[in-house]
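Q: no sequence on hand, only this structure:
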């Protein structure tokens, strides 16, 4: 997996865990869609 993808997965996951954030909050914080956040943390995490 490309480094920037694994970095994005880790960054989003850490933010969600540390802040007890929802998908909606994480999407707003990083300026991406809710669908993207969901895809990153549910699908792409498997490839790290």
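A: That came through fine. Note that the coordinates shown come from a computational prediction; the quantities given were computed from them, not determined experimentally.

Q: find the nearest non-adjacent residue to the residue nearest the centre of the chain, please.
A: Nearest to the geometric centre of the chain sits residue 12, at 3.2 Å (Cα atoms, centre = their mean). Of all residues not flanking residue 12 in the chain, residue 40 sits nearest, at 5.4 Å (Cβ to Cβ, 6 or more residues apart in numbering). The way it works is simple: take the backbone N, C-alpha and C, and place the C-beta from them, glycine included.

Q: remind me which residues of this structure are low pLDDT?
A: Across the chain, the ranges flagged by pLDDT under 70 are 1, 44-48.

Q: show me which residues of the longest helix belonging to it are buried.
A: The residue-count maximum for a helix in the chain (DSSP state H) belongs to helix 3-19. Residues of helix 3-19 classed as buried: 8, 9, 12, 13, 16 (neighbour count, 16 or more other Cβ atoms under 10 Å).

Q: how close does the residue nearest to residue 12 sit to residue 4?
A: 12 Å (Cβ to Cβ, to the nearest Å).

Q: my read: the residue nearest to the centre of the chain touches residue 25, true?
A: No: between residue 12 and residue 25 there is no contact, the gap being 11.1 Å when judged by Cβ atoms under 8 Å.

Q: what do those two both touch?
A: Residues touching both residue 12 and residue 25 by Cβ atoms under 8 Å, 6 or more residues apart in numbering: none at all.

Q: does residue 32 count as helix, strand or coil?
A: Classification of residue 32 by DSSP: H, G, I helix; E, B strand; the rest coil places it in coil.

Q: thank you kindly, that will do.
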